[in-house]
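1. structure for this input, please:
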Amino acid sequence: VIGYVGWVAYALIGLESRIIKPLPPTPTANVASVTTPAATTGVVQQVSLSSPTPDPLRALLQGRINILVLGTDKRPNDPDHFARSDTLILANLDTTSKTVRVMTIPRDLIVDIPGYGKNKVNAAYLFGEYYKEPGGGQALSVRSISQLFDVPIDYYLTVNFDGFRKLVDTLGGVQIDVPYALDDYNYPSDDEGDPFGDLHVHFDGGLQDMDGKQALRYVRTRHADNDFMRSKRQLQVIMALRHKAMSVNLIPTLPTLIDQLGGMVETNIPFDQQLALAQFGYGIEPSKIITSTIDREMITPSILPDGSEGLELDWVVAGPMVDAFFGRTSGTSLILSQQAAVGADKPPTARPKVGQVNPNRATPIAKGTPRTPRTTSTRVAAP
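-> Predicted structure coming up:
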């Protein structure tokens, strides 16, 4: 027993050096909205408050903790591939009320990417990786999301396709109740190694046991319905993973899982905080886990300067949900500040670069280069 515990401790120490990737030591601005008295027209003023980088040695942060989770198609053995963030999930942990809130963010949501202007939120990771920004794609994604919602992002966690499959398989799979049959004839085969191919992916409706490969396809498929339903599937699988992790003894599988996750998972969460957060998560009652989505009523279709389609967040509709998610007392200040920003700011100018990056492709493309069409679909057996 002592030898086994020692091996687990050794593996954990080895994993820490392989997955912990701190962000640049620039603080994330925590902007508080302050409304002037009614006699002065109620214009919202922005007051910047310094939010220093979390101290790795302190106890679990008290109050609200924001963690950005990025699912990427990063391939450690392919340095020529520039990854995208295929999935974006924001977790808000309230250590005081012992509550966890989870919100999915549509990858086509238009945000102001610092230094690059308006673009789809999933482009932030690509730009950060391709242009070698300090901290890479995760740092630029954190800054973009922090700026969008006007909150500090304390931590990030990235996991690639292989890491997600390994996690699900190590847990012995997950059980998912598929609400209706799904047929996606244009599922991107990049998780199978072909960045420009298509697969036919099918799921029957009803209760199903899924392994890592099937679960990954379930959370990624979107052509059978839309991105909003895909967001709900992602939340569904997250809850199923938590339920499975709570019901099995993970200790015997820890050394194998830890060894395999190196290179597939990256985070800036210090090791002691990881343990504290894991303990916090195990103690949360199911009724204290609240899921939120940015649905179709909260967005407006829009066209970006490059002609691609994106989604603009309607702050009047989405403001109350966003404020409730972050524990703000009222949605009024956030809505007014966003409306004022939209009316006052000039369209941002993109940073001049030699080439142009298309966030919908796996690699950067030169200006004027025509898009490469996908190959003929290859159908695969239903899971």
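
2. which residue ranges of the stretch 201-350 of the chain form helices?
-> 212-220, 227-247, 254-261, 271-282, 315-326, 332-344 (DSSP state H, counting those that start in this stretch).

3. any idea which of those scores lowest on pLDDT?
-> Lowest mean pLDDT of the helices of the stretch 201-350 of the chain: helix 332-344, a mean of 43.

4. give me the low-pLDDT residue ranges for the stretch 1-150 of the chain?
-> 1-19, 25-61, 75-80 (pLDDT under 70).

5. where along it do the strands fall?
-> Assigned by DSSP state E, counting those that start in this stretch, the stretch 1-150 of the chain shows strands spanning 30-35, 44-49, 64-72, 85-94, 99-105, 110-113, 117-120.

6. got the angle between the third one and helix 315-326?
-> An angle of 110 degrees separates the directions of strand 64-72 and helix 315-326 when computed by axes from the mean of the first three to the mean of the last three C-alpha atoms, to 10 degrees.

7. likewise for the fourth one?
-> For strand 85-94 against helix 315-326, the angle by the same axes, to 10 degrees is 60 degrees.

8. tell me which strands strand 85-94 pairs with, and in which orientation.
-> According to DSSP bridges, strand 85-94 forms sheet pairs with strand 64-72 (antiparallel), strand 99-105 (antiparallel).

9. adding mean neighbour count and distance to A123, write the ones you listed out as a markdown table.
-> Every C-beta, even on glycine, is put in place using the N, C-alpha and C of the backbone. Formatted as a markdown table, the strands paired with strand 85-94 follow (neighbours: other C-beta atoms under 10 Å; distance: least, C-beta to C-beta, whole Å):
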| stretch | mean neighbour count | distance to A123 |
| --- | --- | --- |
| strand 64-72 | 22 | 13 |
| strand 99-105 | 21 | 13 |
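
10. tell me which of those strands lies nearest to R165.
-> strand 64-72 (11.5 Å; C-beta to C-beta).

11. endpoint to endpoint, stretch 205-224 covers what distance?
-> 13 Å (C-alpha to C-alpha, to the nearest Å).

12. apologies, that question was intended for stretch 267-276.
-> Using C-alpha to C-alpha, the end-to-end distance of stretch 267-276 comes to 15 Å.

13. quick check: buried residues in that stretch?
-> Under the neighbour-count criterion of 16 or more other C-beta atoms under 10 Å, stretch 267-276 has T267, N268, I269, P270, F271, Q273, Q274, A276 buried.

14. among these, which two are most distant?
-> For those, the maximum inter-member distance is 14.7 Å, found between N268 and A276 (C-beta to C-beta).

15. list the contacts of the nearest residue to R296 once chain neighbours are set aside.
-> Using C-beta to C-beta, 6 or more residues apart in numbering and skipping the chain neighbours, the partner closest in space to R296 is F228 (5.4 Å). Taking C-beta atoms under 8 Å, 6 or more residues apart in numbering, we find F228 in contact with P106, T293, D295, R296.

16. next one: the third one relative to D225, how far apart?
-> Taken as C-beta to C-beta, to the nearest Å, the spacing of D295 relative to D225 amounts to 13 Å.

17. same thing with the second one?
-> T293 sits at a distance of 14 Å from D225 (criterion: C-beta to C-beta).

18. then the last one?
-> According to C-beta to C-beta, R296 stands 11 Å off from D225.

19. from P188, how far out is F196?
-> 8 Å.
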